[in-house]
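Undergrad: quick one, what's the 3D model for this:
(one chain, ligands or ions: 2)
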Amino acid sequence: MIKLHGKGVCSAIAIGQAKIVGSKMPIAQKRQITDTQGEILRFNEAKKRAGAQLSEIYKRALREVGETSAQIFEIHQMMLEDEDYNESVLSIINEGINAEYAVFKTCESFSELLSSMDDSYMRARALDIKDISNRLISCLKNEDSGEGVAEKCIICAYDLSPSETVLLDKDKVLAFVLSQGSASSHTAILARNMGIAAVVGVGDELLARISEGDMLCVDGYTGDIIISPDESTLDEMKRRKAQDERKKELLKSLSGKETITLDGTKINLYANIGAVSHVGEAIFNDAEGIGLFRSEFLYLEGNDYPSERAQFLAYKKVLESMNGKRVIIRTLDIGADKQAPYFCLPKEENPALGLRAIRICLTRPEVFKTQLRALYRASAFGRLGIMFPMIVSVDEVLKIKDLCAEVMTELESEGIEFSREVELGIMIETPASAIISDLLAPCVDFFSVGTNDLTQYTLACDRQSTTLDEFCDTHHEAILRLIALSAENAHKHGAWIGICGELASDLSLTETFLRMGIDELSVSPAYILSVRDAVRKIDLTK
Ligand code: PEP
Ligand code: MG
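TA: Ligands and ions are numbered 1, 2, ... in the order given. All right, here's what the predicted structure looks like:
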C-alpha cells in the first residue's frame, strides 16, 4: 500500500482501477530495427487505432460541444493521412529506425517548419501536428489516450488540458488524478462542474508509483490517494464513500426547497457550467438558474472561431433548458491557461496579466460582435444576462455597451427577434474593479465576483502554480474587504451582486457572504444542495 497526497478539488470519494493515460509529451527513444516491413505494418496499425479514436472523439464532441467545436477531430483524421507526413515517417523507418522515433522526428521537423511561417493559420497548425503525433506515439506504445475508456476507471495522467477534461466521458471516469495542476486551474474547476472526484498537483511520484490496473482510492475531500490499499484501509474507504453518498442522498431532500435563511432572507442559488451538456447536472441538482456559463469552452474545442449560428444554438439550448430561469452567460474569457491556437495570441511573459478576456474582445470587435449577436438572438428564448470578464475601468464598460447597442440596432434592422430585457453585468475579479465599484455599479445591472482571479490578482499568487498554497490564503482579509466594498456599492446604485468564483461554495464563508448582502451564489452543480443546506441553517438576526 502506498499513500500519496495532492490537492482534492472535488468533494467525492472514488474507488477503482487506475488507467494511465499518455503524458502530454510521449518520449520516443531511438532504436535500430532490422524488420522494416514489420515496423511499417506496426505504424499502419497505430494509424488505424489513432483514426478510430479520433472518430469516436469526434462523435462525442459533436454530442457534447457541437459541430463547430468537433470539427478539429475530423481535421486531425485527415492529417493522419497527409502524404508528406506519411512519406517522412516511412523514409525514416526505411533507414532502420523504429516507428515511434520516426513519428517523433517527423513531428519535430514539420512543426518547426509550420511555426516559422508568416501565415498565422499555418503557424497554428504546428500544434495540430504535435497533437496527432503524440496520439500516434501513444498508439504505437499501446498507451491509452483516456478519451475512449471502455470501463469505469480512475484516470491517472501527468496533466490534462481544460479541453481534454471537458471531453472526458463522465459516465466512465470515476475520478482523475494528475501530477500537475492547482485547485483553481480550469481543469480542476471543470472536474467540480462535472461532479468528478479529482486530486491534482500530486507531483512526479504519481506516475512513478502507479501501474495500470492498480486498485486506487481517491479522496477528493482530503487529497489523499491510496495505491493498492490493504484490506482494512479499503474497508474504511468504502465505509467513508457510502457515508458520503448517504449524506448526498439526504441533501436531495432539499431539492425543490427554497434557499432561504431562518430569518427569511432569500438568496439565488445558481450553477456554474462549462458546456451545454453540463446543464443536465445543474437541473438535476435543482439550480435556480445558471450564474456562470463559461462560454470560452465553445471556442476552445474547435480549430476556428465558432460561427454566430453555432453559438446561437448553444446559448438557445441552455436558455430553453432552464425554462425561464435566469441564465448568465459570460463572454469569451480566453487567454492565460485557456489558449485557442487559432487566435494566434502573441507570446507573453505573464499571460495572466496580458491580453486576455475582455481585452481580446475589445481589440477584436469583429469576434466580440459575433458572440454578442449570437447572445442577443438567443435572448428571445429565455431570461438572459450577459456578463463581461476582467473589467478594470468604466471606459471598458461604456465601450461594451456601445457595441451591445450597435448589435441591437443591427438585429432590429434585420428584423431578427431579441429580448430588450437582457441584463448586463460585469465580473469583479480584479482589485481595480472592486475599488472603483462605486463608479461601475451605475453602469450595469449586476456584479458577479470571480474570487479565483480576484484572489490571484490581489495576493499576487499565480492560480496555476502548484507551489504557492502557503501564500494563497483565499480567506484573506483583503479579498473579503473587496467583496464587501463591491456589495455595498452595488446596492447603493440599485445593482445586485453574486459570487461565481470557487469561494461561493466554501461553506465556512456562506454566513459572511450573506451578512455582506450577497444576493446570489453560483457554484458547481454538485455543491448546490450543500450550500442550500448551509443557508437554511443561518439566522442573520443573531
Ligand atoms: C473567477 O475568476 O473566479 C471566475 C469565476 O472565472 P474563471 O475561474 O473562469 O477565471
Ligand atoms: Mg476569472
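
Undergrad: which one is residue 283 nearest to, not counting chain neighbours?
TA: Leaving aside its sequence neighbours, residue 283 sits nearest to residue 321 (Cβ to Cβ, 6 or more residues apart in numbering; 6.9 Å). Where you see a C-beta, it was placed from the backbone N, CA and C, and this is true even at glycine.

Undergrad: now swap in residue 328 and tell me
TA: residue 385 (4.0 Å).

Undergrad: any residue of the helix or strand that that neighbour is a member of touching ligand 2?
TA: Using DSSP states H and E, residue 385 maps to strand 383-388. No: using Cβ under 5 Å from the ion, strand 383-388 never reaches ligand 2; the gap is at least 10.7 Å.

Undergrad: on the C-terminal side of that strand, identify the next helix or strand.
TA: Later in the chain than strand 383-388, the nearest helix or strand by DSSP H and E is helix 394-413.

Undergrad: that next one: how far from the chain's middle?
TA: Distance of helix 394-413 from the chain centroid (Cα atoms, centre = their mean, to the nearest Å) equals 28 Å.

Undergrad: how many degrees apart are it and strand 383-388 in direction?
TA: Following axes from the mean of the first three to the mean of the last three Cα atoms, to 10 degrees, one obtains 140 degrees for the angle between helix 394-413 and strand 383-388.

Undergrad: so how far is residue 461 from residue 470?
TA: Applying Cβ to Cβ, to the nearest Å, the value for residue 470 to residue 461 is 10 Å.

Undergrad: for the stretch 151-300 of the chain, give the residue positioned nearest to ligand 1.
TA: Closest to ligand 1 within the stretch 151-300 of the chain is residue 294: 5.3 Å, counting by Cβ to the nearest ligand atom.

Undergrad: partners of that residue in the sheet?
TA: Beta-bridge partners of residue 294, counted by DSSP bridges, are residue 330.

Undergrad: just give me the neighbour total for it.
TA: Close neighbours of residue 294, defined as other Cβ atoms under 10 Å, add up to 25.

Undergrad: now do it against residue 313, distance only.
TA: Look at residue 294 and residue 313: by Cβ to Cβ, they are 17 Å apart.

Undergrad: tell me which parts of the stretch 151-300 of the chain are close to ligand 1?
TA: Within the stretch 151-300 of the chain, the positions adjacent to ligand 1 are 189, 292, 294 by Cβ under 6 Å from any ligand atom.

Undergrad: quick one: what helix or strand has the first one in it?
TA: I take that to be residue 189. Residue 189 is part of helix 186-194 when elements are defined by DSSP H and E.

Undergrad: contact partners of that helix?
TA: Contacts with helix 186-194, where a contact means Cβ atoms under 8 Å, 6 or more residues apart in numbering, come from 7, 9-10, 159-162, 165-166, 168, 170, 176, 178, 181-182, 197-198, 200, 272-274, 278, 281, 294, 337-338, 452, 502, 524-527.

Undergrad: at 7 Å instead, please
TA: Outside helix 186-194, the residues that touch it by Cβ atoms under 7 Å, 6 or more residues apart in numbering are 9-10, 160-162, 165-166, 170, 176, 181-182, 198, 200, 272-274, 278, 337-338, 502, 524-526.

Undergrad: do stretch 475-488 as well
TA: Contact partners of stretch 475-488, identified using Cβ under 7 Å, 6+ apart, comprise 428, 431, 434, 437, 447, 449, 451, 454-455, 458-459, 497, 509, 512, 516-518.

Undergrad: please name the nearest non-neighbouring residue to the residue in the stretch 1-150 of the chain positioned nearest to ligand 2.
TA: The nearest approach of the stretch 1-150 of the chain to ligand 2 comes at residue 9, 16.3 Å away (Cβ to the ion). Nearest residue to residue 9, sequence neighbours excluded (Cβ to Cβ, 6+ apart): residue 188, at 4.0 Å.

Undergrad: burial count for that neighbour?
TA: For residue 188, the neighbour count with other Cβ under 10 Å is 27.

Undergrad: next one: residue 417
TA: A count of neighbours around residue 417, defined by other Cβ under 10 Å, yields 11.

Undergrad: need the contact list for it.
TA: Here residue 417 is in contact with residue 380 (Cβ under 7 Å, 6+ apart).

Undergrad: look up phi and psi at it.
TA: Per-residue torsions, residue 417: phi -70, psi 140 (degrees, to the nearest 10).

Undergrad: so for it, what's the pLDDT?
TA: Residue 417 is assigned a pLDDT of 97 by the prediction.

Undergrad: so that it lines up with my notes, have the first residue be 188 from now on.
TA: All right, first residue 188 from here; so that's residue 604.

Undergrad: what distance do you get for it to residue 280?
TA: Counting by Cβ to Cβ - residue 604 and residue 280 are separated by 59 Å.

Undergrad: wait, is residue 341 part of a helix?
TA: No: applying DSSP: H, G, I helix; E, B strand; the rest coil, one finds residue 341 to be strand, outside a helix.

Undergrad: what does the protein have sitting close to ligand 2?
TA: Residues of the chain found near ligand 2 (Cβ under 5 Å from the ion) are 616, 637, 640.

Undergrad: what is the neighbour count of the first one?
TA: Read it as residue 616. By other Cβ under 10 Å, 27 other residues sit near residue 616.

Undergrad: same question, the last one
TA: Taking other Cβ under 10 Å as the criterion, the count of residues near residue 640 is 23.

Undergrad: show me what contacts it?
TA: Residue 640 is in contact with residue 616, counting by Cβ under 7 Å, 6+ apart.

Undergrad: and the helix or strand hosting residue 699, how far out from the chain's middle?
TA: Element membership of residue 699 [criterion: DSSP H and E] is helix 697-703. Mean-position distance between helix 697-703 and its chain equals 27 Å (Cα atoms, centre = their mean).

Undergrad: for that helix, which positions count as buried?
TA: The neighbour-count check on helix 697-703 (16 or more other Cβ atoms under 10 Å) flags 697, 698, 700, 701, 703 as buried.

Undergrad: if we can go back for a sec, check the residue nearest to residue 515 and give its pLDDT.
TA: Looking at residue 572, its pLDDT is 98.

Undergrad: show me which of the contacts of helix 373-381 are buried.
TA: Here, 16+ other Cβ under 10 Å leaves 196-197, 347-349, 352-353, 363, 368-369, 385, 387, 459-461, 465, 524-525, 689, 711-713 buried among the contacts of helix 373-381.

Undergrad: sort out for me which of these are in helices.
TA: Judged by DSSP state H, the buried ones among the contacts of helix 373-381 include 349, 352, 353 as members of helices.

Undergrad: need the contact list for the closest residue to ligand 1 within the stretch 188-337 of the chain.
TA: As assessed by Cβ to the nearest ligand atom, ligand 1 sits closest to residue 196 within the stretch 188-337 of the chain, at 12.7 Å. Going by Cβ under 7 Å, 6+ apart, residue 196 touches 370, 375, 378, 379, 385, 386, 387, 407.

Undergrad: just flag the most distant two among those residues.
TA: Within the contacts of residue 196, two members stand farthest from each other by Cβ to Cβ: 379 and 386, at 12.4 Å.

Undergrad: and these two? Which one has more around it.
TA: For residue 379 versus residue 386, the count of surrounding residues by other Cβ under 10 Å is larger for residue 386: 32 against 25.

Undergrad: so the more buried one sits against residue 405, correct?
TA: Yes: contact criterion Cβ atoms under 7 Å: residue 386 and residue 405 qualify, at 5.7 Å.

Undergrad: ranges for the strands of the stretch 538-687 of the chain?
TA: Here the stretch 538-687 of the chain has its strands, by DSSP state E, counting those that start in this stretch, at 570-575, 610-615, 633-636, 683-686.

Undergrad: what's the closest of the ones you listed to residue 591?
TA: strand 610-615 (6.8 Å).
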